[in-house]
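**Student:** with the sequence up front, the predicted model follows.
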Amino acid sequence: MTRRVRPVVHLALALSAAVVATAHLALATAYPVNACVSTKQEGAGRFCKGVLKAWAGFEAGGDAGRRDAALQRAAAKLEADWSAADTKALANGTDCAETTLAVTAAEGLIDSAAGALVGDVNTGLDLNDRRDARCGSRILVAAATACHKLLLADSLFIEKLDKDPKASKRDQRQALARSAFLAQFQKVTAKACPTTATAAGLQGRIDGIDASIVANTIVSPNVDDTRYTPISPTGTTTYQDKQLTPECIHGTPYHFFAKRGSVNKLVMYYQGGGACWDAFTCGIPTCKKSVDPLGDNPGNVSTGFADLTNPNNPFRDWNVVFVSYCSCDVHFGDAEKDYTPTLQIEHRGYDNAKIAEKWAREHFLNPEVVFVTGSSAGAYGAWFHAPLLHPVWPASQFHVLADAGNGVITQDFLQTYFPNWNFVANVPKNIPGVLEALQAGTGIVGYTEAVAKFFPNTTWAHYATAYDGGTGGQTGFYNIMLHDNDPIAALTWWTGSCQWDQVMVQQAQATAAALATNNNYRYYIGTGSRHTMWGSNKVYSDTTGGVPTIVDWVNATLSSSPPAANSPAWTDVQCTNCGLLLPGDPAPRPLQPPFEQVGSDVVIECGGSPSGAFVD
């Protein structure tokens, strides 16, 4: 295996660089693709203005040659602007041509819509009548100005989303543009002007041009909307001043997947697959060690929330970026570890996930909503990358849901083995309490309290069954930690079920109590021992133990906007009779305590367990 040498930076130099970076935050330029798209949108606005003014001149003077020359000049200017924007973005490490529709397509879109608008204006006019021709010309000039101003407002907004995260300045600029057009239309038509066009109808045409250009420049039309496409990054990429080299634990290639939807909303899903942290666990390994661009394709799954054909799936029309997993470090490691002379492991989950993030922000520039989630190891990927995604999409509503990743670990693991991933190197130090939670021992409770308070308008939620089991389930890994880090203990995972449940419930309740004032955290504890729910059809049907269906709870999450505008259905959920196993739930065979046969049911009997054992 070829080893990659990473330079050691002197501490003083590192601190100096950090100070310089902080000093330049206020002067930070727009992200290259956002700057490129901003230029393209502004150029499209000028092109729209040029096209409509060319037709306005034709109305007034009847010179077709002059009109056509003006149209050609406008097109040439647009093509030059877009080409220059693409070139500049490429020089800055981003492919803006991949982000947007082609310039010829933009020209055709605007030309067609402008032609329809001209037709509307001319209906009822006699262009051989000088007064009618002047009337039509003046309306088209007003429309040209409005079209330019609408797209200019969008351009200013998309360039630096963090400067106008609620889009209030953009909306104000666009409202002024629409008011000015209405006033001009009323002024022109107050005199003899027999056009049958209405201000509302023409404004609708202009708004349509604006919406079409924006939709095709902030959601890449080049992403397949019929199936998931594997994305296969290679080499080292510079992103956010860091060198990223995506790879799996043994240096094999990394791949992730993406699919375009039909609405401007985005799911960032982090795949699960276990974890390893020393010679014993990584030697087996107790985790997913590679990505198969065919076998790992999420399009292979057609159940639960992974089924994008189900009309009850709230995510069926969303854009999706599927962040694959093969780093064995819950998507956040940043270390090359020599666990033995022959066991060299690349924990590069951070690099892999950040490469997927970079691709996502360059193809989905400003989603209305971002739903960050993942299952098992991917639940931690969601939990720890979500704070890093907020600055990427500062104008988006965020929801974060960890599916079967509750952070139940031992203090010994946190202090002894957790550092092997170099996890803390990339946690956001600007969030008070985050570093302390990972270093001082408060773990997932302290971390969640810190990030949820820092992002008070985001919903944060944990899901798990009460006895999340199996060798790859949460009790399996917890049992390894309880037995001196022995991975063989995963084979008798059920012996840790009751203790895991007790700690999980205590952590969930403690987190909810700590964030009660913020009103932006919830937990859902379901019945049984199944590990993860995302790809299971139980999300649509299971109400065992008096719980709402998971889909109803997720829909309530999506309709919530903390702290004051939450859905009343977005509540903390805790099953009753939680120890009843559902069909397909993992259990030891033959049954062993705490798993017992009670009549026709298999139940988990923990006595005083917080979740409550099943009582026949």
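**Tutor:** Structure received.
**Student:** from here on, just use CA atoms for contacts and neighbour counts.
**Tutor:** Noted.
**Student:** in the protein, where is pLDDT below threshold?
**Tutor:** Per-residue confidence for the chain (pLDDT under 70) gives these ranges: 1-28, 608-616.
**Student:** please redo it, this time with the cut-off set to 50
**Tutor:** Applying pLDDT under 50 to the chain flags the ranges 1-27, 613-616.
**Student:** what residues of stretch 200-212 count as buried?
**Tutor:** Applying a neighbour-count criterion of 16 or more other CA atoms under 10 Å, one finds L202, Q203, R205, I206, D207, I209, D210 buried in stretch 200-212.
**Student:** of the residues you listed, closest to G470?
**Tutor:** Of all the buried residues of stretch 200-212, D210 has the smallest distance to G470: 52.6 Å, by CA to CA.
**Student:** quick check on I209: phi, psi?
**Tutor:** phi -60, psi -50 (degrees, to the nearest 10).
**Student:** gap between it and A146?
**Tutor:** Using CA to CA, to the nearest Å, I209 is found at 11 Å from A146.
**Student:** what do you get for L482?
**Tutor:** Distance from L482 to A146, by CA to CA: 67 Å.
**Student:** out of these two, which sits in the busier spot?
**Tutor:** A146 (27 against 19; other CA atoms under 10 Å).
**Student:** got the contact list for the more buried one?
**Tutor:** Applying CA atoms under 8 Å, 6 or more residues apart in numbering, we find A146 in contact with A177, R178, A180, F181, I206.
**Student:** switch the cut-off to 6 Å
**Tutor:** For A146, the contact set (CA atoms under 6 Å, 6 or more residues apart in numbering) comprises A177.
**Student:** just the element for it, please.
**Tutor:** For A146, the host element (DSSP states H and E) is helix 130-159.
**Student:** next helix or strand past that helix?
**Tutor:** Once helix 130-159 ends, the next helix or strand along the chain (criterion: DSSP H and E) is helix 168-189.
**Student:** show me what that following helix is packed against.
**Tutor:** With contacts taken as 3 or more CA pairs under 6 Å, 6 or more residues apart in numbering; DSSP states H and E, helix 168-189 sits against helix 130-159.
**Student:** change it to 10 Å
**Tutor:** When contacts are defined as 3 or more CA pairs under 10 Å, 6 or more residues apart in numbering; DSSP states H and E, helix 168-189 packs onto helix 130-159, helix 199-218.
**Student:** run the chain-centre distance for the first one.
**Tutor:** I take that to be helix 130-159. Between the centre of helix 130-159 and the centre of its host chain there is 35 Å, according to CA atoms, centre = their mean, to the nearest Å.
**Student:** buried set for that helix?
**Tutor:** Within helix 130-159, the residues scored as buried using 16+ other CA under 10 Å are 131-159.
**Student:** how about stretch 282-295?
**Tutor:** For stretch 282-295, burial by neighbour count (16+ other CA under 10 Å) applies to C282, G283, P285, T286, C287, K288, K289, S290, V291, P293.
**Student:** quick check: the first one is in a helix.
**Tutor:** Yes. Checked against DSSP: H, G, I helix; E, B strand; the rest coil, C282 lies within a helix.
**Student:** check whether it really touches C326, as I assumed.
**Tutor:** No. Using CA atoms under 10 Å, C282 is not in contact with C326, being 11.9 Å away.
**Student:** which neighbours do those two have in common?
**Tutor:** Counting by CA atoms under 10 Å, 6 or more residues apart in numbering, the contacts common to C282 and C326 are I249, A275, K289.
**Student:** any chance of the backbone angles for I110?
**Tutor:** Given degrees, to the nearest 10, the pair of backbone angles that I110 has is phi -70, psi -40.
**Student:** end-to-end on stretch 337-347?
**Tutor:** 7 Å.
**Student:** and T373, what are its phi and psi?
**Tutor:** The phi/psi pair for T373 (degrees, to the nearest 10) reads phi -150, psi 170.
**Student:** quickly list what it is bridged to.
**Tutor:** Beta-bridge partners for T373, by DSSP bridges, are Y269, L401.
**Student:** what about it, distance to L401?
**Tutor:** T373 sits 5 Å away from L401, going by CA to CA.
**Student:** same deal with D111?
**Tutor:** Distance, D111 to L401, by CA to CA: 44 Å.
**Student:** who's more crowded, these two?
**Tutor:** Per other CA under 10 Å, whichever of D111 and L401 has more neighbours is L401, with 27 against 19.
**Student:** distance of the more buried one from T544?
**Tutor:** 21 Å.
**Student:** repeat for P194
**Tutor:** Per CA to CA, P194 is found 68 Å from T544.
**Student:** what's the offset of the strand or helix carrying G57 from the middle of its chain?
**Tutor:** Assigned by DSSP H and E, G57 falls within helix 32-61. How far helix 32-61 lies from its chain's middle: 31 Å, per CA atoms, centre = their mean.
**Student:** what's the angle from it to helix 199-218?
**Tutor:** Angle between the axes of helix 32-61 and helix 199-218 is 150 degrees (criterion: axes from the mean of the first three to the mean of the last three CA atoms, to 10 degrees).
**Student:** so which of the buried residues of stretch 282-295 sit within helices?
**Tutor:** If you go by DSSP state H, the buried residues of stretch 282-295 have C282, G283 in helices.
**Student:** P456 belongs to a helix?
**Tutor:** No. Counting by three-state DSSP, P456 is not found in a helix; it is coil.
**Student:** what's the distance between it and H390?
**Tutor:** Distance from P456 to H390, by CA to CA: 12 Å.
**Student:** equivalent analysis for D171, please.
**Tutor:** 22 Å.
**Student:** same question for L558.
**Tutor:** The gap separating L558 from H390 is 17 Å, by CA to CA.
**Student:** so between the two, which is more surrounded?
**Tutor:** L558 (20 against 16).
**Student:** residues in contact with the nearest residue to that one once chain neighbours are set aside?
**Tutor:** Among residues not flanking L558 along the chain, H399 sits closest, at 7.1 Å (CA to CA, 6 or more residues apart in numbering). H399 sits next to 267, 369-373, 386, 457-461, 520, 554, 557-561 when contact means CA under 10 Å, 6+ apart.
**Student:** is H399 located within a strand, as I assumed?
**Tutor:** Yes. The assignment for H399, made by three-state DSSP, places it in a strand.
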